[in-house]
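Q: Pasting the sequence and the predicted coordinates here, then a few questions.
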Amino acid sequence: MAESEVEEEFEQVRKRRTGGINQLIKNFKPWHFIMIVFLIMLYIWTLKDPTMKNQAIIIGVGIVSLVFFFSKKAEISGLISDEVATRIAIKGLENRKEEYNLPSNVDIKSTNCCRLETPEEPMEWHIGIKTETREGKIDYWRVDVHAFDGIITGIVEAPTGFTGNEIFKKIVVQPKYYAEE
C-alpha cells in the first residue's frame, strides 16, 4: 500500500475515533438542526409560563429523543489495513511510555508480525512491537487493535517476542446433552 494511502486511511480512522459534540453537529442535516433549534426556543417559551409545565416536559423529552434519533453513528467502514493498525500500535505505545515504564529515549518499531484474529469475523489486529533503548536493551510487546475502529484494546509485554502463533482462536464448546437429575 502506498504511503499516501496509508496516511489517508490513518487520518480517517483517527477522525472516526474522535467524536464528541462536533461530530454530532456534523451528522445533522440542516433541517434537523433548524427543527431542534425551533423546539429549544419553544421549550424556553413554555418554561416561562407556569401553567405550561407539562407541555415543557413533553417538549424536553421530544428534543432529547429527536437528538438521539437524528444523530447517526459515523459511517461504518471496512477493515483497517495492517499498515494502519501497525501505525496505531506504535503511536499508542509511544503515548503510553510512562504507563509501561519505558524510558523517554526508547526506539519503538514494528517487528513485521501482524496477525488478524478471526473467530468468525475479523475482530482484532495483533501487532508485534520491538522497543530498544540507547543502551541496547530490547523488549518485545504485543499491541491489540480493534479491526474496524482502530482502538487499542490491549498492550501486553511479550518477553519471548511475538510471532503470531501465541494467539489462538477461541472455541466455545456447547454440550450436546444435559445430565438428567
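A: Done, it's in. Numbers count the residues shown, from 1 in each chain.

Q: List the buried residues in the lengthiest strand in the chain.
A: Selection of the longest strand in the chain by residue count, based on DSSP state E, yields strand 107-117. Buried residues in strand 107-117, counted by 16 or more other C-beta atoms under 10 Å: 108, 110-111, 113-115, 117. For the C-beta atoms, the positions are set from N, CA and C on the backbone; glycine is no exception.

Q: now that strand: mean pLDDT?
A: Regarding strand 107-117, the rounded mean pLDDT is 85.

Q: what about residue 151, how many residues close to it?
A: Under the neighbour criterion other C-beta atoms under 10 Å, residue 151 is assigned a count of 15.

Q: Give me the pLDDT for it.
A: Looking at residue 151, its pLDDT reads 82.

Q: Would you list the phi and psi of it?
A: Backbone torsions of residue 151, given as degrees, to the nearest 10, read phi -90, psi 140.

Q: isn't it right up against residue 145?
A: Yes - counting by C-beta atoms under 8 Å, residue 151 touches residue 145, with 7.1 Å between them.

Q: Neighbouring strands of the longest strand of the chain in the sheet, and parallel or not?
A: Sheet partners assigned to strand 107-117 using DSSP bridges are listed as strand 124-132 (antiparallel).

Q: tell me which residues in the partner strand are buried?
A: 124-131.

Q: Relative to residue 91, how far out is the residue nearest in space to the middle of the chain?
A: Residue closest to the mean C-alpha point of the chain, counted by C-alpha atoms, centre = their mean, is residue 151 at 3.5 Å. Residue 151 sits 12 Å away from residue 91, going by C-beta to C-beta, to the nearest Å.

Q: got it, and residue 84?
A: According to C-beta to C-beta, residue 84 stands 11 Å off from residue 91.

Q: which one of the two has more residues nearby?
A: More neighbours surround residue 84 than the other of residue 84 and residue 91, with 24 against 15 (other C-beta under 10 Å).

Q: Tell me if I am right that the more buried one is in a strand.
A: No - applying DSSP: H, G, I helix; E, B strand; the rest coil, one finds residue 84 to be helix, outside a strand.

Q: Hmm, residue 13 and it touching each other?
A: Yes - counting by C-beta under 8 Å, residue 84 touches residue 13, with 6.1 Å between them.

Q: what sits in contact with each of the two?
A: By C-beta atoms under 8 Å, 6 or more residues apart in numbering, residue 84 and residue 13 have these common neighbours: residue 150.

Q: element containing the nearest residue to residue 157 once chain neighbours are set aside?
A: Sequence neighbours aside, residue 141 is the residue nearest to residue 157 in space, at 5.6 Å (criterion: C-beta to C-beta, 6 or more residues apart in numbering). Under the criterion of DSSP states H and E, residue 141 resides in strand 138-146.
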